[in-house]
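Q: Task: produce atomic coordinates for the following.
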Amino acid sequence: MFVTALTAICTLLIFAWVCSMRWRKWALKLDEEQRAREREREIVLGFMHSYVEAVGEGVSREELYRIVAHSALASTGALSSCIFEVRGNELAAVAVEGLFPPQTPLPRGTSYQISTRARFIEGILRSQKIPSGKGLLGEVASTGEGVLLCDARDDPRLVHIDDPALAVRCMIAVPIRFKNKMIAVLAVANSADGGTFSGNDFSIAMGIAEQAALAVHNLELIEAQRAKSKMDVDLALASSIQSMLLPKKMPSTPTVDFSALYLPAQKVGGDLYDVFAIDENRYGVAVADVSGKGVAASLIMAICQSNLRHLARSGISPVRVLSGLNAIMREEMRRDMFVTMIYAIVDVAEETITIARAGHELPLMLRRNADGELVAEFLDSGGMALGMAREKIFDAAIEEKTYPFGKDEILVLYTDGITEAANRSGAQYGSERMAQSLDDFRDRASVEINERIFDRVLLFTEGSPQSDDVTMLTIKHR
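A: Residues are numbered from 1 along each chain as shown. Predicted coordinates:
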């Protein structure tokens, strides 16, 4: 019985010793894993610090990629690293550290000197493209999943080159992806100690890739903001120049009242209006609309206005002014651009208005009919837009008409930003509402007519955003 008890005690002691050894081994493993995690954390935090500084200092995208490639090489103990940026359906090498093995076959007959090998291989990497989905790197780009390849010697997804210095023994390839956007693939090849990469090396590479994706995204935001700021400055300058070109003060006459309303949809617009004296009795008035919006449209308008005034002040008829303007603008504009315009001469002595129309909206006039009643009607005439056709075709299409312009009669020139203003149902303000509004406000001064008509447009559109430039030029015989 004593022997049995002794045997049991010995068995318990041995079991306790085995458990103790296993516990110590497990504790050592936990400690090793903890140290590895701490090392990984320090590496990633260090990289985060370096990229935050780099982005803050305004590095380029290529410089940021070089920082990432260098960090990946140093952190994993690799001999080489490379970043392949996603460009459409291909990958292109954008940053190389060390002698990274090319992943497309070298051109037949390729030879190089040892002293220039690194530069030569980098040139090969940068010149060749990897289709998305092809090879190991293409697979990572298409699936978004990282790969730890511990033994790459016979892997069919890699290109194997007959050069010991370019042999691939092991590789890590991880995606640089922000949310659902694939940005690039980070790859490191061959451990410097001659062994293979560990799971910890893979985790470090994944951590660096995740932070790199955030860095690239932040850099893109900063670049977009800088571009926007530059565009804002350009737009502000263009807007200032455009406002200088528009009339600051309307002519004052005892019998005729001029007023304009101009609201560009953007900071600069593609509409134009102008009022200027030709001589002591005649005044040139014009409204125009260039195809398109923004800076390009505003520049075309500036050219158009300058030439309009030059031609008009010679005193020639509206049809000849538009004919000359067409010849000039046809040389100044791209073939996909054109300008519609109405140009009229108001003669306060003769009490007439002479109008020519180059494809523009029909002018609206409140004029007396045969019974002496004031009636709102649209004045029709032939014509085509400036810059679309050669002189002979343009001159054959355009025509000029003269109308009496007596007491209480009103002429409104406008752009389609008024008549084509749409409400939430898609219905447009239209010409009928335009004519009715003019008739309703006939007793107002020209400035009030513009304001009241535009108020009705705003009421009709129910707060829908302005999609086009709005211009109205109203001339009223008092």
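Q: Give me the residue ranges of the protein where confidence is low.
A: Residue ranges of the chain with pLDDT under 70: 1-58, 107-118, 231, 234-242, 293-294.
Q: ranges for the helices of it?
A: Per DSSP state H, the chain carries helices over the ranges 2-56, 61-76, 117-127, 135-143, 199-245, 294-312, 318-332, 391-397, 416-419, 430-440, 446-461.
Q: residues making contact with the shortest one?
A: Here helix 416-419 makes contact (C-beta atoms under 8 Å, 6 or more residues apart in numbering) with 263, 265, 271, 289, 361, 428-431, 434, 453-454, 457, 466, 468-472. Where you see a C-beta, it was placed from the backbone N, CA and C, and this is true even at glycine.
Q: Kindly report the domain assignment for the protein.
A: Following automatic domain parsing, the chain resolves into domains at 38-223, 246-477.
Q: Report the contact partners of residue 175.
A: Residue 175 sits in contact with 140-141, 144-146, 182, 184-186, 209, where contact means C-beta under 8 Å, 6+ apart.
Q: switch the cut-off to 7 Å
A: By C-beta atoms under 7 Å, 6 or more residues apart in numbering, the contact set of residue 175 is 140-141, 144, 146, 182, 185, 209.
Q: Any of the residues you listed buried? List them.
A: With burial judged by 16 or more other C-beta atoms under 10 Å, the buried subset of the contacts of residue 175 is 140-141, 146, 182, 185, 209.
Q: Check these against residue 173 and report the nearest one.
A: residue 140 (4.7 Å; C-beta to C-beta).
Q: ok so, going back, which of the domains of the chain sits closest to residue 233?
A: Nearest of those (C-beta to C-beta): domain 246-477, 10.8 Å.
Q: Distance from the chain centre to that closest one, please.
A: Offset of domain 246-477 from its chain centre (C-alpha atoms, centre = their mean, to the nearest Å): 32 Å.
Q: same thing with stretch 243-251?
A: Using C-alpha atoms, centre = their mean, the offset of stretch 243-251 from its chain centre is 32 Å.
Q: Between its first and last residues, what's the separation in it?
A: 18 Å (C-alpha to C-alpha, to the nearest Å).
Q: Okay, buried residues for it please.
A: Within stretch 243-251, judged by 16+ other C-beta under 10 Å, the buried ones are 246, 250.
Q: cool, stretch 217-226 as well?
A: Neighbour-count burial for stretch 217-226, counted by 16+ other C-beta under 10 Å, picks out 218-219.
Q: Pull the number of nearby residues for residue 254.
A: For residue 254, the tally of surrounding residues (other C-beta atoms under 10 Å) stands at 7.
Q: oh, I was asking about residue 421
A: 23.
Q: swap in residue 364?
A: Residue 364, neighbours per other C-beta under 10 Å, totals 24.
Q: wait, it sits on residue 432?
A: No - Residue 364 is beyond contact range of residue 432, at 10.9 Å (criterion: C-beta atoms under 7 Å).
Q: roughly how far apart are residue 310 and residue 322?
A: 13 Å (C-beta to C-beta, to the nearest Å).
Q: nearest residue to residue 393 other than its sequence neighbours?
A: residue 384 (7.7 Å; C-beta to C-beta, 6 or more residues apart in numbering).
Q: Might one say that that neighbour is in contact with residue 359?
A: Yes - using C-beta under 7 Å, residue 384 makes contact with residue 359 at a distance of 4.9 Å.
Q: Verify the contact between residue 169 and residue 188 for me.
A: No - if you go by C-beta under 7 Å, residue 169 and residue 188 don't touch, sitting 11.8 Å apart.
Q: ok so, going back, out of the buried ones among the contacts of residue 175, which comes closest to residue 106?
A: Nearest to residue 106, judged by C-beta to C-beta, of those is residue 185 at 20.4 Å.
Q: Quick one: residues contacting that closest one.
A: Contacts of residue 185 (C-beta under 7 Å, 6+ apart): 84, 91, 137, 140-141, 173, 175-176.
Q: beta partners of it?
A: residue 84, residue 175 (DSSP bridges).
Q: Next one: it from residue 134, what distance?
A: Residue 185 sits at a distance of 12 Å from residue 134 (criterion: C-beta to C-beta).
Q: Then residue 433?
A: If you go by C-beta to C-beta, the gap between residue 433 and residue 134 works out to 61 Å.
Q: Share the number of residues neighbouring residue 471, please.
A: 26.
Q: ok, now the one 3 residues further on?
A: Burial of residue 474 is recorded as 26 neighbouring residues (other C-beta under 10 Å).
Q: That one against residue 448, yeah?
A: No - with contact defined as C-beta under 7 Å, residue 474 does not count as touching residue 448 (9.3 Å).
Q: Let's see stretch 306-319 as PDB, backbone CA atoms only.
A: Extracted as PDB, the C-alpha positions of stretch 306-319 are listed here (Å, rounded to 0.1, in the frame of the first residue of the first chain):
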ATOM      1  CA  SER A 306     -14.700  93.800 -77.400                       C
ATOM      2  CA  ASN A 307     -15.300  93.200 -81.100                       C
ATOM      3  CA  LEU A 308     -19.000  94.100 -80.800                       C
ATOM      4  CA  ARG A 309     -18.200  97.600 -79.500                       C
ATOM      5  CA  HIS A 310     -15.500  98.100 -82.100                       C
ATOM      6  CA  LEU A 311     -17.900  97.200 -85.000                       C
ATOM      7  CA  ALA A 312     -21.000  98.900 -83.500                       C
ATOM      8  CA  ARG A 313     -19.400 102.300 -82.800                       C
ATOM      9  CA  SER A 314     -18.800 102.800 -86.500                       C
ATOM     10  CA  GLY A 315     -22.500 103.300 -86.800                       C
ATOM     11  CA  ILE A 316     -23.200 100.400 -89.200                       C
ATOM     12  CA  SER A 317     -26.500  98.600 -89.200                       C
ATOM     13  CA  PRO A 318     -27.200  95.700 -86.800                       C
ATOM     14  CA  VAL A 319     -27.100  93.100 -89.600                       C
END
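Q: Check which residues of that stretch are buried.
A: Buried positions in stretch 306-319, judged by neighbour count with 16+ other C-beta under 10 Å: 307-309, 311-312, 318-319.
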